[in-house]
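S.K.: Here you go, sequence then predicted model.
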Amino acid sequence: MAGRDQGSAEATSKHPVPPGFAGALVTPESYSAMYAASIADPDAFWGEQGKRIDWIKPYTRVKNTDFTFGQVSINWFEDGVLNVAANCTDRHLARRGSQTAIIWEPDDPKTPARHISYAELHENVCRMANVLKAHGAAKGDRVVLYLPMIPEAAYAMLACARIGAIHSVVFGGFSPDALANRVNDSEAKIVITADTAPRGGRRTPLKSNADAALLHCDDKVKCMVVKHTGDQTTWVDGRDIDILAEMRAASADCPAEPVNAEDPLFVLYTSGSTGKPKGVVHTSGGYLVYAAMTHQLTFDYKDGDIFWCTADVGWVTGHSYIVYGPLANGATTVMFEGVPTFPDAGRFWEVCAKHKVNQFYTAPTAIRALMGQGAEWVEKHDLSSLRVLGTVGEPINPEAWVWYDKHVGKGKCPIVDTWWQTETGGHLITPLPGATETKPGSATLPFFGIKPVVLNAESGVVQEGNPAEGVLCIADSWPGQMRTVWGDHQRFQETYFQQYKGYYFTGDGCRRDEDGYYWITGRVDDVINVSGHRMGTAEVESALVAHEKVAEAAVVGYPHEIKGQGIYAYVTLMNGVEPTEDLRKELVKWVRNEIGPIASPDLIQWAPGLPKTRSGKIMRRILRKIAENDFGALGDTSTLADPSVVDDLIGNRMNRA
Ligand code: 6R9
């Protein structure tokens, strides 16, 4: 999906900060001044920002970073000592012990929500930390979490942080193989899982998946089980531990282990364009400062607000904006176990109304899915508590942006389209609600301390002035940056610092417009070349989904005799729309009109569903293979949310040449 500045006037006009949006933490003036200061003197700026969190031993050095290929090294606050869990619990006890830290909204709306206060959070984290310690976990050890979206997931992350252990959360939708690979790569001592995970009324058998995974792991690995649903599971005596029972028996007192600012907090595996998933390493001090600061300023979070990020804690968004950022700030964070469409397409809005959510943060794919179901599902619920809306994960097409603005935000809520990555720890390019005029589809301007640069993809030459187009790199470090790939610093350097020397390479393409606004055009490996014209597949997708009958589209290149690459579009129609030859022609014409003749799809395949990862990202690798008529070599499809859509796509493929 694309950030595209063509299209209807409504979509392309600049949206000022809504007039009723008053008292923002950052204003247009303070943004400019603060941004300039952050770039002029990073040591002074971050030296000040580092004080957002509590240090056991304050740092005296702030920034010590080197992007030189061959000697890449990133250190922030490097002589400081802290404890991340103490920052997320203990330090709030005096002022907000009885304030709700986590609102847990279960999958089944008939099950009551739970409100966990900071005092309860602290107690649960301490008890769980003591259970971990009792089973041999110590500072530096890895603990893999394979859990539903339940408060115990947050307890477990913080329990690890409390004792200085390193967590690696594996999304509950991943297969046993994927889990085993991560346990083995990180050499984890303990896996924490649950019996089963309810989602959308169905149950994922986490414990039996973990059993299957552990067959491929060292037999010393312990398995701690949260009995969540009470569903029956197998039990391996001597290996399996009833963690809730042991927590009840454990002491509620657990001293917070002092860790160095640069000691790892977590490893999070993420797939690159090729090869096995990389273990992205984030450390303690800089990550927490950056997560807390971006959470506060990007969402204009104020004391007493109710913040809801709909991501899963299995992704970086859940780490930074369900757990670490909000809890470091003493916020109330909503944790949702379910899915947007269960029991019906109004669930998000029902939950917003029920808990009086003030900031709501979700993914464009969810917005498009709900848009396809019709605005009546939104209108049913009282959304007057909402102040700020956010998106993350992919470029948002202007139509979805406008729908979100109109039906969810009622034109009163700034929309923050936050661009960032697992690797960046927190937002790098994003509007600030009270400071930034927005343009639908643009992530707008850099966050404090971030120096984006646009380079020519081939020559690596920095593109000065506006407009500019090329690959997006970042010229200098920020505290939330990943430090290394777990166990493979060489791979870290090669992936991010080799191609464009002296810069962090994001892997994304982008355009900077006349106003200096950034438009992320998608991964650079998704760019296709049609008759010598470079084109973002996302651009074509954005045009397609702008058509009223199209719910979703994915576009890839395929070998074309004359053009080099042709354009192959997979199109999911709105509910109830008949796929006809006439509609096919209409869509081709539509895209020609929207972008130009070079963008006309050569082939359009009706796709009842698109192959997506469980985080909602379309797996283009698979779509490219099918479009190339090379479906014998689809590679690993185990991370797909629904592998059966692939068979349908193969069966109905358009390119049988
Ligand atoms: C946080 C997260 C990172 C990739 C990134 C880019 C895409 C994320 C975006 C966006 C355009 C946005 N992406 N946010 N593209 N606009 N607001 O999603 O991390 O899973 O590592 O994905 O997602 O392509 O490079 P991650």
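M.R.: Ah, there it is.

S.K.: mind showing which ranges of the protein have poor pLDDT?
M.R.: Along the chain, segments meeting pLDDT under 70 span 1-12, 271-276, 525-527, 529, 531-535, 564.

S.K.: residue with max distance from the center of it?
M.R.: Using C-alpha atoms, centre = their mean, the residue of the chain lying farthest from its centre is Ile562. It sits 39.0 Å away.

S.K.: Would you quantify the distance from Trp606 to the ligand?
M.R.: Look at Trp606 and the ligand: by C-beta to the nearest ligand atom, to the nearest Å, they are 26 Å apart. Just so you know, the C-beta spots here come from the backbone N, C-alpha and C atoms, and that holds for glycine as well.

S.K.: Would you check that that residue makes contact with Arg653?
M.R.: No - at 11.2 Å, Trp606 and Arg653 do not qualify as touching, with contact defined as C-beta atoms under 8 Å.

S.K.: Can you say which helix or strand has the closest residue to Pro176 other than its chain neighbours in it?
M.R.: Once flanking residues are discounted, Pro176 sits nearest to Ala212: 3.7 Å by C-beta to C-beta, 6 or more residues apart in numbering. Element membership of Ala212 [criterion: DSSP states H and E] is helix 206-214.

S.K.: What residues of that helix count as buried?
M.R.: 206-211, 213-214 (16 or more other C-beta atoms under 10 Å).

S.K.: cool, stretch 485-499 as well?
M.R.: Of the residues in stretch 485-499, 485-486, 491-493, 495-497, 499 count as buried by neighbour count, 16+ other C-beta under 10 Å.

S.K.: And for stretch 377-394?
M.R.: For stretch 377-394, the neighbour count (16+ other C-beta under 10 Å) marks 377-378, 381, 383, 386-394 as buried.

S.K.: How many residues are close by the closest residue to the ligand within the stretch 351-500 of the chain?
M.R.: Residue nearest to the ligand within the stretch 351-500 of the chain (C-beta to the nearest ligand atom): Thr422, separated by 3.4 Å. Close neighbours of Thr422, defined as other C-beta atoms under 10 Å, add up to 18.

S.K.: now the one 3 residues further on
M.R.: Taking other C-beta under 10 Å as the criterion, the count of residues near Gly425 is 31.

S.K.: Am I right that it is in contact with Gln481?
M.R.: Yes - applying C-beta under 8 Å, one finds Gly425 in contact with Gln481, separated by 6.3 Å.

S.K.: overlap in contacts of these two?
M.R.: Gly286 (C-beta atoms under 8 Å, 6 or more residues apart in numbering).

S.K.: returning to that earlier point: please produce CSV containing the buried residues of stretch 377-394, extended by secondary structure.
M.R.: Converted to CSV, these look like this (DSSP: H, G, I helix; E, B strand; the rest coil):
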residue, secondary structure
Trp377, helix
Val378, helix
His381, coil
Leu383, coil
Leu386, coil
Arg387, coil
Val388, strand
Leu389, strand
Gly390, strand
Thr391, strand
Val392, strand
Gly393, coil
Glu394, coil
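
S.K.: Identify the farthest-apart pair in these.
M.R.: Greatest spatial distance among the buried residues of stretch 377-394 (C-beta to C-beta): His381 and Glu394, at 25.6 Å.

S.K.: so who does whatever residue of the stretch 151-300 of the chain ends up closest to the ligand touch?
M.R.: Using C-beta to the nearest ligand atom, the closest approach of the stretch 151-300 of the chain to the ligand is made by Thr270 at 5.3 Å. By C-beta under 8 Å, 6+ apart, the residues touching Thr270 are 277-278, 280, 316, 422-423.

S.K.: What is the nearest of those to Glu337?
M.R.: Looking across these and measuring by C-beta to C-beta, the closest to Glu337 is Val316, at 19.2 Å.

S.K.: Contacts only, for the closest one.
M.R.: Residues in contact with Val316 (C-beta under 8 Å, 6+ apart) are 268, 270, 280, 421-422, 425.

S.K.: Let's see which of those residues end up in strands.
M.R.: 268, 270, 280 (DSSP state E).

S.K.: CA atoms only: put the longest helix along the chain into PDB for me.
M.R.: When the chain is parsed with DSSP state H, its longest helix is helix 118-134. Extracted C-alpha coordinates of helix 118-134, given in PDB (Å, rounded to 0.1, in the frame of the first residue of the first chain):
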ATOM      1  CA  TYR A 118       0.800  -0.400  39.200                       C
ATOM      2  CA  ALA A 119       0.900  -2.000  42.700                       C
ATOM      3  CA  GLU A 120      -0.500  -5.300  41.300                       C
ATOM      4  CA  LEU A 121       1.800  -5.100  38.300                       C
ATOM      5  CA  HIS A 122       4.800  -4.700  40.600                       C
ATOM      6  CA  GLU A 123       3.800  -7.600  42.800                       C
ATOM      7  CA  ASN A 124       3.200  -9.900  39.900                       C
ATOM      8  CA  VAL A 125       6.500  -9.000  38.200                       C
ATOM      9  CA  CYS A 126       8.400  -9.600  41.400                       C
ATOM     10  CA  ARG A 127       6.700 -13.000  42.000                       C
ATOM     11  CA  MET A 128       7.400 -14.100  38.400                       C
ATOM     12  CA  ALA A 129      11.000 -12.900  38.600                       C
ATOM     13  CA  ASN A 130      11.400 -15.000  41.800                       C
ATOM     14  CA  VAL A 131      10.100 -18.000  40.000                       C
ATOM     15  CA  LEU A 132      12.500 -17.400  37.100                       C
ATOM     16  CA  LYS A 133      15.400 -17.100  39.500                       C
ATOM     17  CA  ALA A 134      14.300 -20.300  41.400                       C
END
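
S.K.: What residues of it count as buried?
M.R.: 118-133.

S.K.: Equivalent analysis for stretch 184-193, please.
M.R.: 185-186, 188-193.

S.K.: Okay, His381 and Asp303: tell me how far apart.
M.R.: Note on His381: its distance to Asp303, by C-beta to C-beta, to the nearest Å, is 25 Å.

S.K.: Please name the nearest non-neighbouring residue to Val550.
M.R.: Excluding its sequence neighbours, the residue lying closest to Val550 (C-beta to C-beta, 6+ apart) is Leu544, at 5.1 Å.

S.K.: same question, Gly372
M.R.: With C-beta to C-beta, 6+ apart as the criterion, Gly372 has its nearest non-adjacent residue at 4.1 Å, and that residue is Ala551.

S.K.: do the same with Glu257
M.R.: Leaving out its chain neighbours, the residue that sits closest to Glu257 by C-beta to C-beta, 6+ apart is Gly164, at 4.1 Å.

S.K.: residues contacting the one you found?
M.R.: By C-beta under 8 Å, 6+ apart, the residues touching Gly164 are 83, 138-140, 257, 259, 263.

S.K.: Same check on Glu379?
M.R.: Residues in contact with Glu379 (C-beta under 8 Å, 6+ apart) are His407.

S.K.: now swap in Leu215 and tell me
M.R.: Leu215 touches Ala180, counting by C-beta under 8 Å, 6+ apart.

S.K.: burial of the closest residue to Tyr269 other than its chain neighbours, as a residue count?
M.R.: Excluding the flanking residues, the one nearest Tyr269 by C-beta to C-beta, 6+ apart is Pro277, at 4.1 Å. For Pro277, the count of nearby residues is 17 (other C-beta under 10 Å).

S.K.: all numbers from here: first residue = 38
M.R.: Sounds good: first residue 38 from here, last item Pro314.

S.K.: Pro314 and Asn218 touch, don't they?
M.R.: Yes - shown here, Pro314 and Asn218 form a contact pair, counting by C-beta under 8 Å, at 7.4 Å.

S.K.: tell me which element the residue nearest in space to the middle of the chain falls in.
M.R.: What sits nearest the mean C-alpha location of the chain, by C-alpha atoms, centre = their mean, is Thr354, with 3.6 Å. In this assignment (DSSP H and E), Thr354 forms part of helix 353-355.
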